[in-house]
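K.L.:
no sequence on hand, only this structure:
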């Protein structure tokens, strides 16, 4: 069970980072990105970061 939780945490982190990098690159390619798209990027990054921290801490607490 611990291995599954750790793999899910690491996978969520890596996949989320790749998705956020893709979205950021897509926004930088636009000449005039809207305020709403920038707010969604910041909100998504914050949610991804908080969730990643919680998952990593939770998985390490289960190991030790």
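P.N.:
Structure's in. What do you need? Everything quoted here is computed from the prediction, not taken from an experiment. Numbering: from 1, shown residues only.

K.L.:
go through stretch 10-30 and flag the buried ones.
P.N.:
Buried residues in stretch 10-30, defined by neighbour count with 16 or more other CB atoms under 10 Å: 13, 16. Just so you know, the C-beta spots here come from the backbone N, C-alpha and C atoms, and that holds for glycine as well.

K.L.:
so after the helix or strand residue 5 falls within, what's the next helix or strand?
P.N.:
Per DSSP states H and E, residue 5 falls inside helix 2-29. Downstream of helix 2-29, the next assigned helix or strand under DSSP H and E is helix 35-63.

K.L.:
list the contacts of residue 52.
P.N.:
Going by CB atoms under 8 Å, 6 or more residues apart in numbering, residue 52 touches 9, 12, 13, 16.

K.L.:
on that earlier part again, now the angle between helix 35-63 and the helix holding residue 5, please.
P.N.:
Relative orientation of helix 2-29 and helix 35-63, computed by axes from the mean of the first three to the mean of the last three CA atoms, to 10 degrees: 160 degrees.
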